[in-house]
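Trainee: coords please:
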Amino acid sequence: MIPRSIESQALRLSSWFPVVSVTGPRQSGKSTLVREAFPDYAYVNLENPQTRQQALSDPVGFVRARPRRLIIDEAQIAPQLFSMIQVVSDETNEPGQYVLSGSQNFLLLKRITQSLAGRVGILRLLPLSFSEAKSAEGGLTPDAFMLRGGYPRLYDVDMPQDAYFSAYLRTYVERDVQDYLGVRDLSAYRTLLELCAQCAGNLLNVSRLAADAGVSRETVNSWLSMLESSYIVFRLRPYHANLRKRLVKTPKLYFYDTGLLCYLLRIHTLDQLLTSPYLGMVFENLVVEERMKAYLNAGKEPDLYFYRDDSKVEVDLVDLTESGHELIAEIKSSQTYRPEFARHLGSAGDELGIPRDRRFVVERAEGDFDANGVQVKNIASWLALGRTES
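Mentor: So this is what the prediction gives:
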C-alpha cells in the first residue's frame, strides 16, 4: 500500500466521533485506506449482493449482529442502515464505533446529513498527492506526475494511463450520470467533459458551455453538479471581501486530477504536454489541486481563492486557510523567470494585507530564489514543502 497522509486524521477523528466517513472520487483509495487505518475492525462491503440484500431486508439485525468496530463500504447503498447506526452508536456514545466509506458521495453525504449529523467526522480523500506518489516511485518528476495524475492504480499496476482513464470514464463517470440523472445522450455529456477540460483554469461560462455542447443551461448546471459531487471538477471562488472595489464574481473551473485533465485534452505523452498550448493551464491546475490536497490530508478545510478586480489586477491563487500563513501566488509554466510574472503581486498583496515574504511565483525553473522581494519557487520544492513552510 502507498502510505496516505490522511491516515493520521482518520485515526484522530475516530477518537472524537462515534462515526467516521471517508468520501472522495471513485478509485482514490478509500477502501484501502480505511482497512489499513482500522485493521482490527470488522469489514463489510455492500457491493456484495448477498451482503447488500441482508442490509436492505433487515437493517436492525444487520447492525445488531455485528461488532461496534465496523467498516461499512459503499454504505450509501442501504440508506436504512444509517438510522440504525445512529441508534446503536447513541447507546454508548463511544468514539470510533463505525467507519463508513462510499463512492457515491452525493448519496453518502445526504444519508449522513439526514441521520448522523453531529455524530460523524468527515474526511475527503483525493487521488495521490505528488509527495505520496513520489514515495511509491522515487524518480517521479512533477512534469511526469502532471501527465499521469494521482489515481493509485496507476502506481500499483504498470498500465498505460490512456487505458486507465478510458475505462474510468466509462465505468464510473458516465455510469453515475446515467444512473442518477437518467442521461441517455452520453455523447453530449462527453462533449461537456472535454469542453470543461479546455476551459480549466478559466472563468466558468455556463452559457458558452451550453451552446457549445448543444444542451440547455439547466442541463449544464445539473451535469456540473454531478461532476462536482463525484470529485471530478471543482470551482475556485473569486476573493471578494473588499467591498470598496468591484471584483469578478464568476468562479474558475479546475479538475481534481491533472492526469484525467490531460486525457480529456487528448494529451498522451510528456512530449505532447510540454509542447502543448494547454501546458500553462494544466500546470496551474496542478498547483491549485495540490494545495487543496495538502489541507484536506491535514484535516483542514481549504480556504482558497483567485483575485481579479475591474482594473485587471489578477493573481492566480489566494490562500487564506491558516491564520498567520496567508499567501498569494502567481503560477507560470515557464522555465525562465521574468519580472512581469510578479507585476500584480505587489498591488494585490497590499490590498489583501499579505506580507512581502508570502508573495510567490511558482514555476518550472530550476532552484528557488528571491527576485526583488518576490519569492520564486521551483515546482518540485513547492510541492515538497508542507502547508505552512512554503
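
Trainee: CA atoms for contacts and neighbours, from now on please.
Mentor: Noted.

Trainee: any idea of the pLDDT on G373?
Mentor: pLDDT, G373: 81.

Trainee: and Y43, what does it touch?
Mentor: R35, L70, I71, I72, D73 (CA atoms under 8 Å, 6 or more residues apart in numbering).

Trainee: shouldn't I379 be in contact with F360?
Mentor: No - I379 is beyond contact range of F360, at 11.3 Å (criterion: CA atoms under 8 Å).

Trainee: Can you report how many residues lie near Q114?
Mentor: Other residues lying near Q114 total 11 when counted by other CA atoms under 10 Å.

Trainee: Likewise for Q50?
Mentor: Residues lying near Q50 (other CA under 10 Å) number 10.

Trainee: where does Y168 fall, helix, sheet strand or coil?
Mentor: The three-state label for Y168, taken from DSSP: H, G, I helix; E, B strand; the rest coil, comes out as helix.

Trainee: circling back: so of the contacts of Y43, which ones are in strands?
Mentor: Mapping the contacts of Y43 onto strands (DSSP state E) picks out L70, I71, I72, D73.

Trainee: Just the buried ones among those, please.
Mentor: L70, I71, I72, D73 (16 or more other CA atoms under 10 Å).

Trainee: The first one and V99, how far apart?
Mentor: Right, L70. Using CA to CA, to the nearest Å, we find L70 at a distance of 6 Å from V99.

Trainee: How about P67?
Mentor: 12 Å.

Trainee: higher neighbour count, the two?
Mentor: Per other CA under 10 Å, whichever of P67 and V99 has more neighbours is V99, with 27 against 13.

Trainee: Surely that one is within a strand?
Mentor: Yes - V99 forms part of a strand when assessed by three-state DSSP.

Trainee: Skipping its backbone neighbours, what lies nearest L81 in space?
Mentor: Of all residues not flanking L81 in the chain, P59 sits nearest, at 5.3 Å (CA to CA, 6 or more residues apart in numbering).

Trainee: surely that neighbour meets Q80?
Mentor: Yes - with contact defined as CA under 8 Å, P59 reaches Q80; the gap is 6.2 Å.

Trainee: which one of those two has more residues nearby?
Mentor: The residue with more neighbours, out of P59 and Q80, is P59; 21 against 18, by other CA under 10 Å.

Trainee: how close does that one sit to L100?
Mentor: 15 Å.

Trainee: With Q272 instead?
Mentor: Q272 is 41 Å from L100, by CA to CA.

Trainee: So what's the residue count around G367?
Mentor: Using other CA under 10 Å, G367 is surrounded by 12 other residues.

Trainee: contacting residues for the nearest residue in space to it that is not next to it in sequence?
Mentor: In this structure, G367 finds its nearest non-sequential neighbour in N378, 5.6 Å apart by CA to CA, 6+ apart. Residues near N378 by CA under 8 Å, 6+ apart: V362, E363, R364, A365, E366, G367, D368.

Trainee: Only the buried members of those residues: can you turn that into a ChimeraX selection?
Mentor: A single ChimeraX command suffices to select whichever of those are buried according to 16+ other CA under 10 Å:
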select :362,363,364,365,368
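
Trainee: From the contacts of N378, which land in helices?
Mentor: Using DSSP state H to define helices, no part of these is located there.

Trainee: Restricting to C-alpha, output the longest helix belonging to the chain in CSV.
Mentor: Counting by DSSP H, the longest helix found in the chain is helix 279-297. The C-alpha trace of helix 279-297 is given here as CSV (Å, rounded to 0.1, in the frame of the first residue of the first chain):
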residue,chain,number,x,y,z
LEU,A,279,0.6,23.4,-20.6
GLY,A,280,0.1,26.6,-18.7
MET,A,281,-3.4,25.8,-17.6
VAL,A,282,-2.6,22.2,-16.7
PHE,A,283,0.4,23.4,-14.6
GLU,A,284,-1.8,26.0,-12.9
ASN,A,285,-4.4,23.2,-12.2
LEU,A,286,-1.6,21.1,-10.7
VAL,A,287,-0.5,23.8,-8.2
VAL,A,288,-4.1,24.6,-7.1
GLU,A,289,-5.2,21.0,-6.7
GLU,A,290,-2.1,20.1,-4.8
ARG,A,291,-2.6,23.0,-2.4
MET,A,292,-6.1,21.7,-1.8
LYS,A,293,-4.9,18.1,-1.2
ALA,A,294,-2.3,19.4,1.4
TYR,A,295,-5.1,20.9,3.5
LEU,A,296,-7.6,18.0,3.1
ASN,A,297,-4.9,15.5,4.0
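
Trainee: What lies in contact with that helix?
Mentor: Outside helix 279-297, the residues within contact range by CA under 8 Å, 6+ apart are 5-6, 9, 123-126, 129-130, 146, 200-201, 254-258, 261-262, 273, 301-302, 304, 317, 331-333, 383, 386-387.

Trainee: just how off-centre is the helix or strand harbouring Y263 within its chain?
Mentor: Using DSSP states H and E, Y263 sits within helix 258-264. In terms of CA atoms, centre = their mean, to the nearest Å, the centre of helix 258-264 is found 14 Å from the chain centre.

Trainee: What average pLDDT does it get?
Mentor: Averaged over helix 258-264, pLDDT sits at 98.

Trainee: who touches that helix?
Mentor: Helix 258-264 has contacts (CA under 8 Å, 6+ apart) with 145-150, 162, 165, 193-194, 197, 255, 268, 273, 282, 285-286.

Trainee: what's the next secondary structure element after it?
Mentor: Per DSSP H and E, the first helix or strand lying C-terminal to helix 258-264 is helix 270-274.
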